[in-house]
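> Just a sequence and a predicted model for now, questions to come.
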Amino acid sequence: METLASTSAFRHTTIRVGTEDPTQFIDITDQVEAIVVAAAIETGLVNVQTLHTTTAIVVNEHEPLLLTDIAALLERAAPREAVYRHDNITLRSVNCVLGERPNGHSHCRALLLGPSVALNVSRGRLQLGRWQRVFLVELDGPKARDVSVLVVGEGGR
């Protein structure tokens, strides 16, 4: 019986994204795909994770009206103008930053969406459906943001 040798590989990269709006969907699919291709694995997983508590990573369709609908849903779920105890610096005792803008709504929205996605890699390519795209969702912009991307797999090319 013949055994095939497989090699394990991983690649970690951080993507820096500059956002422009308070709520914004930034399509990072092409950047993630390039990282997967550079990792030169045949089969594995890619984990895409935001390094911020007021952003999220989601997979959805890149259709402008849909993205507007999702932003409106987030506004209804965690309105910007609602009262958040997190925003009252006189009450907080941890993680206080001088001059911090009120962003309790952003933290609540991020909790609803999640900080990461894990996606399959097969035949050296990121496996996404016809309309699926990977987004960094800015919830407290504009800011510079970092996204950690880890590709793990085997069967290098």
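Looks like it arrived, so ask away. Numbers count the residues shown, from 1 in each chain.
> what distance separates the longest helix anywhere in the chain from the middle of the whole chain?
Longest helix of the chain, by residue count under DSSP state H: helix 64-77. Centre-to-centre, helix 64-77 and its host chain are 17 Å apart (CA atoms, centre = their mean, to the nearest Å).
> Same check on stretch 81-95?
Centroid separation for stretch 81-95 versus its chain: 25 Å, with CA atoms, centre = their mean.
> swap in stretch 78-86?
Worked out by CA atoms, centre = their mean, stretch 78-86 lies 23 Å from the chain centre.
> Beyond the host helix or strand of Phe10, next helix or strand please.
Phe10 belongs to strand 8-18 when assigned by DSSP states H and E. Downstream of strand 8-18, the first helix or strand assigned by DSSP H and E is strand 24-27.
> now that next one: mean pLDDT?
For strand 24-27, mean pLDDT is 98.
> Can you tell me the strand partners of that strand and which way each runs?
Here strand 24-27 is paired, per DSSP bridges, with strand 132-138 (antiparallel).
> buried residues in the strand it pairs with?
For strand 132-138, burial by neighbour count (16 or more other CB atoms under 10 Å) applies to Arg133, Val134, Phe135, Leu136, Val137, Glu138. (C-beta placed from N, C-alpha, C; glycine too.)
> ok, of these, which one's closest to His86?
Of all the buried residues of strand 132-138, Glu138 has the smallest distance to His86: 18.1 Å, by CB to CB.
> so who does the closest one touch?
Thr19, Asp21, Pro22, Thr23, Gln24, Phe25, Ile26, Thr55, Arg145 (CB atoms under 8 Å, 6 or more residues apart in numbering).
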